[in-house]
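>>> Model the structure of this input:
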Amino acid sequence: MITALVQFKLPKPVTMEQARGIFLGTAPKYRDTPGLIRKYYLLSQDGSTAGGVYLWKSLEDAALSVGAFQECDGLSDPLSHGSLMSKAPP
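Here you go, the predicted model:
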C-alpha cells in the first residue's frame, strides 16, 4: 500500500464549517477512483492550507491520480493500524 500526503495553500482561509461543505461536495468524485482505498480531508488550524491523506493499493494507482499535485509525498505503508488489531500468530 501507498500513503500519499497532499497539501495546498488556499486562495483565502476558510472556516472548518466552510471546508466541511466544500469537502462534502467533492467527496463523491473519489468513490470510484481505481485503487483508492481511503481518503482523509485535512485543514490547517488557521484555515489557510487544505489537503488530503490518500491510501492507495499501489504506487501505480497513486501516480495516476495524485501525480498532478504540486506538493505530494508518497510513502510506503508497511504496517497499518488495522494490522495491529489482529492477533499475531504464536
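>>> Mind listing what's buried along stretch 4-21?
When neighbours are counted by 16 or more other CB atoms under 10 Å, the buried residues of stretch 4-21 are found to be 4-7, 10, 14, 19. No exception for glycine: its C-beta is placed from N, CA and C like everyone else's.
>>> Make CSV out of those residues and add pLDDT, distance to Ser65 and secondary structure.
Output for these, formatted as CSV (pLDDT from 0 to 100; distance: CB to CB, whole Å; DSSP: H, G, I helix; E, B strand; the rest coil):
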residue, pLDDT, distance to Ser65, secondary structure
Ala4, 84, 9, strand
Leu5, 84, 14, strand
Val6, 85, 10, strand
Gln7, 88, 16, strand
Leu10, 95, 21, coil
Val14, 97, 23, coil
Ala19, 96, 21, helix
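>>> Tell me which two of those sit farthest apart.
Ala4 and Val14 (22.2 Å; CB to CB).
>>> so Ala62 touches Ala4, yeah?
Yes - taking contacts as CB atoms under 8 Å, Ala62 lies within contact range of Ala4: 5.2 Å.
>>> ok, so of the buried residues of stretch 4-21, who is nearest Val53?
Closest to Val53 out of the buried residues of stretch 4-21 is Leu5 (5.6 Å), distances taken as CB to CB.
>>> Isn't the closest one up against Leu55?
No - look at Leu5 against Leu55 with CB under 8 Å: they stay out of range, at 10.7 Å.
>>> Tell me which stretches of this protein form helices.
Counting by DSSP state H, the segments of the chain that form helices are 16-26, 59-66, 81-85.
>>> okay if I get those as a markdown table plus distance to Tyr41?
Formatted as a markdown table, the entries for those read as follows, by distance: least, CB to CB, whole Å:
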| stretch | distance to Tyr41 |
| --- | --- |
| helix 16-26 | 4 |
| helix 59-66 | 14 |
| helix 81-85 | 18 |
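>>> weakest of those helices by average pLDDT?
In terms of mean pLDDT, the lowest-scoring of those is helix 81-85 (a mean of 47).
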